[in-house]
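Peer 1: Could you work out the structure for the sequence below:
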Amino acid sequence: MGEIGEWRHLCVDMQRMFAEDTPWHVPWMARISPQIEELAGRYPSRTIFTRFVPPQHADAMPGKWRDYYRKWWMMTGEHLPHGLVELTSSLASHVPPARYFDKRTYSPWIDGRLHTILQSERVDTLVITGGETDVCVLAATLGAIDLGYRVIMLKDAVFSSADDTYDASLELLHDRFSVQLELMETVEFLSGLG
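Peer 2: Numbers count the residues shown, from 1 in each chain. Okay, the predicted model is just below:
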């Protein structure tokens with residue numbers, strides 16, 4: 001792994017709406033939760049939990065997002081119980097000192113707020129966990145790479161809806177971004193911290 005600089009754990013969208021019985025339920029989430037709980041539990045002050053927050057109504061979003069939420073109308077704020085936007089209870093217990101970062105799109109980088117926060121803390125490395133590997137995790141990872149962060153993705157702490165998209169995402173990231181991104185297991189990362 002080499003020497004690690006000032007790092008933060010960016011945990012993507014480990015929310016009840018993906019863990020519980022909703023149209024966006026992802027069964028894989030339970031499989032990777034123990035690794036995320038281990039990392040967040042050891043380093044809560046270095047952990048930032050993103051939350052994907054749907055709009056109250058589809059028309060509150062711009063462009064093609066309106067069409068997206070017309071399709072997924074049952075996941076808008078007017079229909080989705082608010083509590084389902086929250087983190088799973090085992091992770092929510094780490095806040096504070098862990099922090100939330102709410103976002104309206106797949107990427108947490110769109111409005112510049114997260115990058116500004118991390119730059120003010122002199123962060124140069126992001127350890128990425130959460131879901132989904134082929135959607136929000138991919139957007140967070142590519143944005144982090146574009147902004148110049150060293151990215152460490154914990155491959156046993158990210159999930160997708162399907163094995164084939166998980167495998168394809170990791171293959172793409174490993175093959176195309178190997179200079180800027182490292183894939184490793186959670187135990188390997190934790191043991192490398194000394």
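
Peer 1: so what's the residue of the chain most remote from its centre up against?
Peer 2: Most distant from the centre of the chain: D59, at 25.4 Å, with distances by C-alpha atoms, centre = their mean. Neighbour list for D59: R66 [criterion: C-beta atoms under 8 Å, 6 or more residues apart in numbering]. (Glycine included, C-beta is placed from N, CA and C.)

Peer 1: From T22, how far out is it?
Peer 2: 22 Å (C-beta to C-beta, to the nearest Å).

Peer 1: picking that back up, does the residue farthest from the centre of the chain sit in a helix, a strand or a coil?
Peer 2: Under DSSP: H, G, I helix; E, B strand; the rest coil, D59 falls in the helix class.

Peer 1: Now the longest strand belonging to the chain: average pLDDT?
Peer 2: As assigned by DSSP state E, the longest strand anywhere in the chain is strand 150-159. Across strand 150-159, pLDDT averages out at 95.

Peer 1: Would you give the sheet partners of that strand, along with the direction of each?
Peer 2: Strand 150-159 sits in its sheet next to strand 125-131 (parallel), strand 181-184 (parallel), going by DSSP bridges.

Peer 1: Can you say which of the ones you listed is packed in most?
Peer 2: By mean neighbour count, with neighbours taken as mean count of other C-beta atoms under 10 Å, strand 125-131 ranks first of the strands paired with strand 150-159 at a mean of 24.

Peer 1: Right, I'll call it a day here.
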